[in-house]
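A.B. asks: Sequence first, predicted coordinates after that:
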Amino acid sequence: MHELSIAQNLVEIANTAAQRANVQRVTAVRLQLGALSGVVKDSLLFCYDIASAGTLLEGAKLLIEELPVIIYCPQCQQTVALETVQAFCCPVCGTFSSDIRQGRELEILSLEAEEDENEHPSHP
Amino acid sequence: MSTPRILEIRRGVLEKNDILAHNLRDQFNAAHALVINLVSSPGAGKTALLEDTLRRLIQAGHHPAALVGDLATDNDANRLARSGAPVRQIQTGGNCHLEADMISTHLTDWGLDLSQIEFLFIENVGNLVCPASYDLGEHVRAVVLSVTEGEDKPLKYPTMFHSADIAVLTKMDIAVAVEFDKPAALANIQSVHPGMMVLETSAKTGAGMDNWVQHLITCRENAFALVTK
């Protein structure tokens, strides 16, 4: 179970970026998760709620886009998505290939945030 | 009043670890120290494999060292130190895997002169899930699979088997007794990692150990373009 440590890294990166951009509150975090990233989506969602408490991300949705593994098939000479990570072979012709083109992603894409409309708030 | 806004980030969640691992690899390359990350489930025989590997490398005039990760106790380090190689224990205090900053911190505290080391083994915490995500700056990731485990283990842990460079089968001396189905195990390894190199060993009888040690020596020569001594 390393998802808590992953969630803490995720929150740290996103919270720092939000602070630098001067946003008031983050409403959503978009993440890409490859099938070979070694991270379990449900565990990450659970740990994210714990890790985001007390930060600008508290209450923000974690939107996870799951990516299948894509390999290059030397026989078909094209990239193909794997149906299962238990068999690294082309679903069209059955040729085995370790030439991975997608599937290891564990990347924060963007944040959706709210900020005050007035860039220079007036002081009382 | 507030307005929605999109902030582009596009950063890897593990970038901090990846940057540290990259720096470690630079350090290892400069010292011509080949680093091997040993991963397996608990009880697969990493320590027995490593103990015999250290002994054989020392006998052949090489200079190996080992960093050993465990949740608790320094039993493994004490056992490995009998080989005569410098050994240091990393107690993760419950953490299920090693991260690059642990390697970096322990190397600094240890004061090991890397330029005097040809092979640095990192025995990871026994776990086939979490260590797969963490680059430790190693050159070779070896996944250790014992004949007493199920032949379908590669199918259950495809991420780890795919991330490793080589699979080392251990305890081959009892393969018959435990009815190890070698063709099935090999087929499963090839299914999750086509083309992966597999070596069969027994640290107890010594069978296959020469091949494994020679493979590491060749890896080091190729990695640093060294001429065979």
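C.D. replies: Structure received. Numbering: from 1, shown residues only, chains lettered A, B, ... in the order given.
A.B. asks: When you work out contacts or count neighbours from here on, use the C-alpha atoms and nothing else.
C.D. replies: Noted.
A.B. asks: Excluding chain neighbours, give the residue nearest to the spatially most central residue of chain A in space.
C.D. replies: When chain A is reduced to its mean C-alpha position, the nearest residue by C-alpha atoms, centre = their mean turns out to be residue A:31, at 2.2 Å. Once flanking residues are discounted, residue A:31 sits nearest to residue A:108: 4.5 Å by C-alpha to C-alpha, 6 or more residues apart in numbering or on different chains.
A.B. asks: So what's the gap between the strand or helix carrying the one you found and the chain middle?
C.D. replies: Take DSSP states H and E as the rule and residue A:108 turns out to sit in strand A:106-116. Remark: strand A:106-116 is offset 11 Å from the chain centroid, using C-alpha atoms, centre = their mean, to the nearest Å.
A.B. asks: Please name the strands paired to it in the sheet, noting orientation.
C.D. replies: Strand A:106-116 sits in its sheet next to strand A:25-34 (antiparallel), strand B:2-12 (antiparallel), going by DSSP bridges.
A.B. asks: I'd say residue A:26 and residue B:4 touch.
C.D. replies: No. Counting by C-alpha atoms under 8 Å, residue B:4 is not a contact partner of residue A:26; they are 9.3 Å apart.
A.B. asks: Report the set of residues contacting both of these two.
C.D. replies: Taking C-alpha atoms under 8 Å, 6 or more residues apart in numbering or on different chains as the contact definition, residue A:26 and residue B:4 share the neighbouring residues A:112-114.
A.B. asks: before we move on, what SS does residue A:9 have?
C.D. replies: Applying DSSP: H, G, I helix; E, B strand; the rest coil to residue A:9 yields a three-state assignment of helix.
A.B. asks: where's it relative to chain B, distance?
C.D. replies: Here the distance between residue A:9 and chain B works out to 6 Å (C-alpha to the nearest C-alpha, to the nearest Å).
A.B. asks: ok, the shared contacts of residue A:26 and residue B:4 vs residue B:218, which is closest?
C.D. replies: Taking C-alpha to C-alpha as the measure, residue B:218 sits nearest to residue A:112 out of these, at 50.7 Å.
A.B. asks: can you pull the contacts of the closest one?
C.D. replies: Applying C-alpha under 8 Å, 6+ apart, one finds that residue A:112 lies in contact with A:26-29, B:4-7.
A.B. asks: State whether residue A:34 and residue A:67 are indeed in contact, as I suppose.
C.D. replies: Yes. Here residue A:34 reaches residue A:67: they are 4.6 Å apart, a contact under C-alpha under 8 Å.
A.B. asks: Overlap in contacts, those two.
C.D. replies: Once C-alpha under 8 Å, 6+ apart is applied, the residues that residue A:34 and residue A:67 both contact turn out to be A:102-103, A:105.
A.B. asks: Mind listing what's buried along the worst-scoring helix or strand of chain A on mean pLDDT?
C.D. replies: For chain A, using mean pLDDT, DSSP states H and E, the weakest element among its helices and strands is strand A:106-116, scoring a mean of 90. For strand A:106-116, the neighbour count (16 or more other C-alpha atoms under 10 Å in any protein chain shown) marks A:106-115 as buried.
A.B. asks: same thing with stretch B:93-105?
C.D. replies: Within stretch B:93-105, the residues that count as buried by 16+ other C-alpha under 10 Å are B:95-104.
A.B. asks: One more: stretch A:4-22?
C.D. replies: A:4-15, A:17-18.
A.B. asks: which stretches of the chain form strands?
C.D. replies: Going with chain A. Counting by DSSP state E, residue ranges of the strands within chain A are A:25-34, A:61-67, A:70-73, A:78-81, A:100-102, A:106-116.
A.B. asks: switch to chain B, that's the one I care about
C.D. replies: Taking DSSP E, the strands of chain B run over residues B:2-12, B:34-39, B:64-70, B:87-91, B:119-123, B:140-146, B:166-170, B:197-200.
A.B. asks: and the residue nearest to residue B:55 when sequence neighbours are not counted, what does it touch?
C.D. replies: Counting by C-alpha to C-alpha, 6+ apart, residue B:83 is the residue found nearest to residue B:55 once chain neighbours are left out, at 5.2 Å. Contacts were defined as C-alpha under 8 Å, 6+ apart; by that measure residue B:83 touches B:51-52, B:54-55, B:58.
A.B. asks: And residue B:212, by the same measure?
C.D. replies: Contacts here follow C-alpha under 8 Å, 6+ apart; on that basis residue B:212 touches B:199, B:201.
A.B. asks: partner residues bridging residue B:140?
C.D. replies: According to DSSP bridges, residue B:36 are recorded as the beta-bridge partners of residue B:140.
A.B. asks: Just give the number of residues close to it.
C.D. replies: 18 (other C-alpha atoms under 10 Å in any protein chain shown).
A.B. asks: Equivalent analysis for residue B:111, please.
C.D. replies: Here the neighbour count serves as a burial measure; for residue B:111 (other C-alpha under 10 Å) it reads 8.
A.B. asks: ok, now the one 4 residues further on?
C.D. replies: Residues near residue B:115, counting by other C-alpha under 10 Å, number 13.
A.B. asks: what residue ranges in chain B score low on pLDDT?
C.D. replies: Across chain B, the ranges flagged by pLDDT under 70 are B:1-2, B:227-229.
A.B. asks: Any residues of it in contact with chain A? List them.
C.D. replies: If contact is defined as C-alpha under 8 Å from any C-alpha of the partner chain, the residues of chain B in contact with chain A are B:1-14, B:96-97, B:129-130, B:132-133, B:155-156, B:158-160, B:191-195.
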